[in-house]
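Q: Could you work out the structure for the sequence below:
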Amino acid sequence: MAKITRIELLMVDLKPKVKRVDAIQSFVSQETPIVRITDSDGVTGTGYSYTIGTGGHSVMELLNRTLCPAVLGRDAYDIESIWRDLLFLTHATTIGAITAIAMAAIDTALWDLKCRKLGLPLHKLAGGAQREIPLYTTEGGWLHLEQSALVEDALRAKALGFKGAKLKVGRPIHEDVARITAVREAVGPGFEIFTDANQAFAVDEAIRRARAYEPLDIGWLEEPLPADDISGHVRLSEHTSLPIAVGESLYSVSHFREYLQRHAASVIQVDVGRIGGITPWLKVAHMAECFNIVVSPHFLMELHVSLCAAVPNARWVEYIPQLDDLTTEHMTIQNGKARPSDAPGLGIAWDFAAIDRQVVEGSRSIIQ
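A: Below you'll find the predicted structure:
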């Protein structure tokens, strides 16, 4: 039994490669907490999570003061037990984003450690269901971009072999319809167009917009309503033929269960960084499979490619490159599809020298 003997914490602040604006916010920074867990055999696993500009220091404090000291001395293989114990240790702050993001950093590090010790890539250890996953791009569909830029990016993605593109919605309805129509006419049939409202609408407006979008052959309407409005999603689903996608703003397995039981969504976008790690991510993915619902996770493509390959009901990986400056190898893409790494671990080739150069001042600590 190899016990956890050392935990290193640090945070890197990554700036987006392109300007990112949606219906309610701008994505100006990716605070990236990184956790490195070493066991008594001398093997180290690296995990991480993220914010979109706020809360990173709160995550680091929770890790440093509460969660990591509780993990020290534990059997590194007891991932399920550790996750459950941390959940109840933070019972007063769950279910919530800060706690889930902090737990995700620890949980992904433990999975990386286990994979490395067993000599297996994550996509094999977690299931081994698929070898490649289709990609769609979000990087050229932001709300501030002009219509011509949307068309240009979608055509470029199609030429590169991508199978789809996402457009942000939330402008006046006639503008949204015109923008989607222009892209559809440019790319033709057989190329998926997804839309994302980022929780911007009330139920009446969401129903109205869904009806306007229906003739445009879109793949899904993502986050049309606030994530905690499950009843609203039920009403919307009953009033539209469009697939409704939710999940990036849900932080609990139980919340996904409620959506699935009430038929409030038909695409599940569970995010490993927001659900609390790989352990609960897999629970959500398999639960969705039992409801015959697909999984198309939000963001974190470098990690989600391996998790999508692990389960049979994953349909898409979202292309938003963000770790290029912290890694020595990029995600493998062939003919518009993402392929997971076969190297032992999460499949992320960290560049620790680059990470050291970008550590946020005062964020590094060691627990042992």
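Q: Give me the below-cutoff pLDDT ranges for the protein.
A: Within the chain, no range satisfies pLDDT under 70.
Q: Which stretches in it count as helices?
A: Under the criterion DSSP state H, the chain contains helices at 56-62, 68-71, 79-89, 97-118, 122-125, 147-159, 173-187, 203-213, 230-238, 253-261, 272-275, 278-290, 301-310, 352-357.
Q: Adding distance to D342 and mean neighbour count, write these out as JSON lines.
A: (Glycine included, C-beta is placed from N, CA and C.) Formatted as JSON lines, those follow (distance: least, C-beta to C-beta, whole Å; neighbours: other C-beta atoms under 10 Å):
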{"stretch": "helix 56-62", "distance to D342": "31", "mean neighbour count": "20"}
{"stretch": "helix 68-71", "distance to D342": "28", "mean neighbour count": "18"}
{"stretch": "helix 79-89", "distance to D342": "21", "mean neighbour count": "16"}
{"stretch": "helix 97-118", "distance to D342": "11", "mean neighbour count": "25"}
{"stretch": "helix 122-125", "distance to D342": "8", "mean neighbour count": "22"}
{"stretch": "helix 147-159", "distance to D342": "26", "mean neighbour count": "17"}
{"stretch": "helix 173-187", "distance to D342": "33", "mean neighbour count": "17"}
{"stretch": "helix 203-213", "distance to D342": "40", "mean neighbour count": "18"}
{"stretch": "helix 230-238", "distance to D342": "38", "mean neighbour count": "18"}
{"stretch": "helix 253-261", "distance to D342": "29", "mean neighbour count": "17"}
{"stretch": "helix 272-275", "distance to D342": "20", "mean neighbour count": "28"}
{"stretch": "helix 278-290", "distance to D342": "18", "mean neighbour count": "21"}
{"stretch": "helix 301-310", "distance to D342": "10", "mean neighbour count": "27"}
{"stretch": "helix 352-357", "distance to D342": "21", "mean neighbour count": "12"}
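Q: Include distance to V35 when you put those helices into TSV, please.
A: TSV is the format used below for the helices of the chain (distance: least, C-beta to C-beta, whole Å):
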stretch	distance to V35
helix 56-62	10
helix 68-71	7
helix 79-89	12
helix 97-118	4
helix 122-125	16
helix 147-159	34
helix 173-187	40
helix 203-213	38
helix 230-238	32
helix 253-261	21
helix 272-275	12
helix 278-290	13
helix 301-310	14
helix 352-357	12
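Q: Out of these, the one nearest I133 is which?
A: With C-beta to C-beta, the closest approach to I133 among the helices of the chain belongs to helix 301-310: 4.5 Å.
Q: what are the C-alpha coordinates of the closest one, in CSV please?
A: Extracted in CSV, the C-alpha atoms of helix 301-310 (Å, rounded to 0.1, in the frame of the first residue of the first chain):
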residue,chain,number,x,y,z
MET,A,301,-10.5,19.1,-24.4
GLU,A,302,-7.0,17.9,-23.4
LEU,A,303,-8.6,15.8,-20.6
HIS,A,304,-12.1,15.2,-22.0
VAL,A,305,-10.7,13.4,-25.1
SER,A,306,-9.6,10.5,-22.9
LEU,A,307,-12.8,10.5,-20.9
CYS,A,308,-14.9,10.6,-24.0
ALA,A,309,-12.9,7.7,-25.4
ALA,A,310,-13.6,5.8,-22.2
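Q: ok and that helix relative to helix 278-290, angle-wise?
A: Relative orientation of helix 301-310 versus helix 278-290 (axes from the mean of the first three to the mean of the last three C-alpha atoms, to 10 degrees): 50 degrees.
Q: do you know how far G127 is from W281?
A: G127 sits 11 Å away from W281, going by C-beta to C-beta, to the nearest Å.
Q: Alright, calling it a day.
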